[in-house]
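> Sequence first, predicted model second:
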Amino acid sequence: DKGGYRHFMLKEIFEQPAVLSRTLQGRISKTRVMEQAFGADAEKIFDQVKGVQIVACGTSYHAGLVAKYWLESIAGLPCNVEVASEYRYRRVFVSKDTLFITISQSGETADTLAALREAKKSHYLASLVICNAPNSSLVRESDLVFMTQAGPEIGVASTKAFTTQLVALQLLTIALGRRHGLAEQTEADMVGSLASLPDQIETALGLDDTIKHVSEKFADKHHALFLGRGVEYPVAMEGALKLKEISYIHAESYPAGELKHGPLALVDANMPIVAVAPNNDLMEKLKSNLEEVQARGGKLFVFSDQADAFPSSEEVTVIDVQSVPDTIAPMVYTIPLQLLSYHVAIVKGTDVDQPRNLAKSVTVE
Ligand code: F6R
């Protein structure tokens, strides 16, 4: 049932305030993360964690990449992230007391499951899955389980599963961070921001009409570049994946600082460049990267809460996102990128819920 929406994908994008709120429910108090959400044994295991290895595919892999920034900068723990199809076939070095984490909407992705089974033969401390499907293979075979509460996701392109995974990973970051010097006040601030997330996402969904307009400028394009820096780089990666899978426009993402090392050669007036540009420590750096793009005639689409920093012009379209705390910016900036890919696909007339060549759950290698 599409609940009155034209596609499951759109319904699922708009469900995000509700499912994020459900994912937080019972997992946070006013000021604290309740770590029992990760299972009865979580407390004991978390006490011993000295590092994290994350393995996943596709969109879930992008969630893992966001978590790496959080785990290292907020929890002070080393974190590696790898796609499951690579991880499972190589000899890996496992450091002592490392927690092995899989992230999966379906809980049945063949490569991710195989990676977990491989990991069990190595000397990991324990395994944790962040999953949306109860009773799935990954849930059954992991020591610790955190269930995202996204509800069934029917659209092949993952949307609400991704943002709920990010919430789960931030709760984990806090739970582990507490044991490594994360101040109580910082935890309380982060928890407060998470509690505001459903409302913030609702506000971001208000960009729908604006983005519908913007999407028309993409429909005749064959390529697009998505740029971000820091924790927004994996958000840009996810934006590019969404655009390619449902609109069939070739999209690539780059950390903006890498532009001059090659991809700048691609930039001309036919190359839309999407930038994820919240006002944070790296915005000035990003801004100068974007000036280089502009100097080559590139058409910029900047998602930012600092419209003044990127004045609109013929070449620059600024999409005004509300200002939010850094810790929830990845979730909030994901929303307009999901809407962008949706509306571009609509303009192009592609099959939004069932893109060619793709399956919802990849249970074969
Ligand atoms: C992209 C998408 C895929 C999945 C990937 C992993 O929109 O849906 O990239 O994210 O196949 O699937 P799960 O999370 O079920 O393991």
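Here it is on my side, so go on.

> Quick check: closest non-adjacent residue to S60.
Nearest-residue entry for S60: I103, 4.2 Å, with adjacent residues in sequence omitted and distances by CB to CB, 6 or more residues apart in numbering. Quick note: C-beta positions are derived from backbone N, CA and C, even for glycine.

> What helices and strands are in contact with the lowest-mean-pLDDT helix or strand in the chain?
Least confident helix or strand, the chain: helix 283-295 with a mean of 91, by mean pLDDT, DSSP states H and E. Other helices and strands packing on helix 283-295, by 3 or more CB pairs under 8 Å, 6 or more residues apart in numbering; DSSP states H and E, are strand 223-228, strand 272-276, strand 299-304.

> Enumerate every residue touching the residue nearest to S60.
54-56, 60-61, 63-64, 112, 129-131, 165, 169 (CB atoms under 8 Å, 6 or more residues apart in numbering).

> Can you tell me which of those residues is nearest the ligand?
Ranked by distance to the ligand (CB to the nearest ligand atom), these are led by S60 at 3.7 Å.

> That closest one contacts I101, doesn't it?
No: the pair S60 and I101 fails to qualify as a contact (CB atoms under 8 Å) at a distance of 10.6 Å.

> Run a quick neighbour tally on the residue of the chain found nearest the ligand.
Using CB to the nearest ligand atom, the closest approach of the chain to the ligand is made by G58 at 1.9 Å. Counted with other CB atoms under 10 Å, residues neighbouring G58 total 22.

> Show me which residues of the stretch 1-150 of the chain are close to the ligand?
For the stretch 1-150 of the chain, the contact set with the ligand under CB under 6 Å from any ligand atom comprises 57-60, 104-106, 109, 112.

> Show me how far stretch 306-314 is from its chain's centre.
26 Å (CA atoms, centre = their mean, to the nearest Å).

> now that stretch: mean pLDDT?
Per-residue pLDDT over stretch 306-314 has a mean of 90.

> cool, and stretch 26-42?
96.

> Next, the buried residues of the longest helix seen in the chain.
Across the chain, the longest stretch assigned as helix under DSSP state H is helix 184-205. Within helix 184-205, the residues that count as buried by 16 or more other CB atoms under 10 Å are 187, 190-191, 193-194, 197-198, 200-201, 204-205.
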